[in-house]
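**Student:** Show me the folded form of this:
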Amino acid sequence: MRIERVTAMGLLLLTIAGAALAGDATSYGEGAGEGELTPIAEIVAAPQRFEGREVRVRGEVSGVCQMMGCWMELEAEGARVRIKVEDGVIVFPEDALGSRAVARGTVQLLEMSRDEYAGWLRHQAEEQGRTFDEGSVGDPPYRVVQIAGLGAEIEN
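**Tutor:** Residues are numbered from 1 along each chain as shown. A predicted model of the protein is given here:
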């Protein structure tokens, strides 16, 4: 009887510890949904293959819009993608930096003129409190790969 109690207590403690290690997640928008995860590196390497498709991605939050919380960047295995949401519809918290997250949305490949791309880079620099260097624009093609976010779950 004593062995059964000790075993039961051990299993209970393991269950509690496992739940604590798994952590809770906060859901944003429609949440991250269920299903297969697409590696961020695959999307970045071949965005045309994924354009217009709904995907789920997982990574570490490496950037968050400091003005309105309207985007966050997820990074995994050296690749990074921005999850962009409609201003005010979903607001990603600034303190999510460094957290793990899963996001769901539609892959977009935005083709831009040099002026449009320079404006996009300038806006990014302003959001992050950096000065913009016109020389950072580089050579064409000017394109941005992002995910039009439907929802996400960020670990607490």
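**Student:** all helices for this structure, in order.
**Tutor:** Counting by DSSP state H, the chain has helices at residues 2-22, 40-45, 47-50, 114-127.
**Student:** Distance-wise, check the closest residue in space to residue 29 that isn't next to it in sequence relative to residue 129.
**Tutor:** Computed as Cβ to Cβ, 6 or more residues apart in numbering, the closest residue to residue 29 that is not its neighbour in sequence is residue 151, at 3.5 Å. Backbone N, C-alpha and C define where each C-beta goes, glycine included. Plainly put, residue 151 is 28 Å away from residue 129 if you go by Cβ to Cβ, to the nearest Å.
**Student:** ok, now residue 148?
**Tutor:** Distance from residue 148 to residue 129, by Cβ to Cβ: 26 Å.
**Student:** got it, and residue 107?
**Tutor:** Separation of residue 107 from residue 129 (Cβ to Cβ) stands at 29 Å.
**Student:** related to what we said a few turns ago, looking at residue 148 and residue 129, which one has more neighbours?
**Tutor:** Each of residue 148 and residue 129 has its neighbours counted (other Cβ atoms under 10 Å); residue 148 has more, 14 against 7.
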